[in-house]
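Peer 1: following is a predicted model, sequence given first.
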Amino acid sequence: MTMVYILAKFIRTIRPSKKLLEHYLGLFSVTEKVSFYYYLINLLEHLQAIRPVFYISQLELAPRSRIPNHNNPSLLPLKLTATSNLK
């Protein structure tokens, strides 16, 4: 299973400043490859306002853990505004 982080640059949040925003969201699993450049991502419930198809430049491959049977921890949940979407 391929795990990725999503670039948070184009996602609107309730943070007062973009300087305080994390650079990446996630750790999410890739559900399927839609086309050569687009991937369908399995998003969590609190991120369902975002369309789950992302361009390859919006994704960062998560490094694999060197510890056997260990997954990298995901980041804390992020609160989104009601009009959150990609530009």
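Peer 2: Perfect, thanks for sending it.

Peer 1: residue 55 contacts residue 35, doesn't it?
Peer 2: No: between residue 55 and residue 35 there is no contact under C-beta atoms under 8 Å: 9.9 Å. (C-beta placed from N, C-alpha, C; glycine too.)

Peer 1: which one's more surrounded, those two?
Peer 2: The residue with more neighbours, out of residue 55 and residue 35, is residue 55; 12 against 9, by other C-beta atoms under 10 Å.

Peer 1: how near is that one to residue 26?
Peer 2: Distance from residue 55 to residue 26, counting by C-beta to C-beta, to the nearest Å: 15 Å.

Peer 1: repeat that for residue 63.
Peer 2: To residue 26, residue 63 is 13 Å away according to C-beta to C-beta.

Peer 1: looking at those two, which one has more neighbours?
Peer 2: Neighbour totals were compared for residue 63 and residue 26, and residue 26 leads with 23 against 9 (other C-beta under 10 Å).
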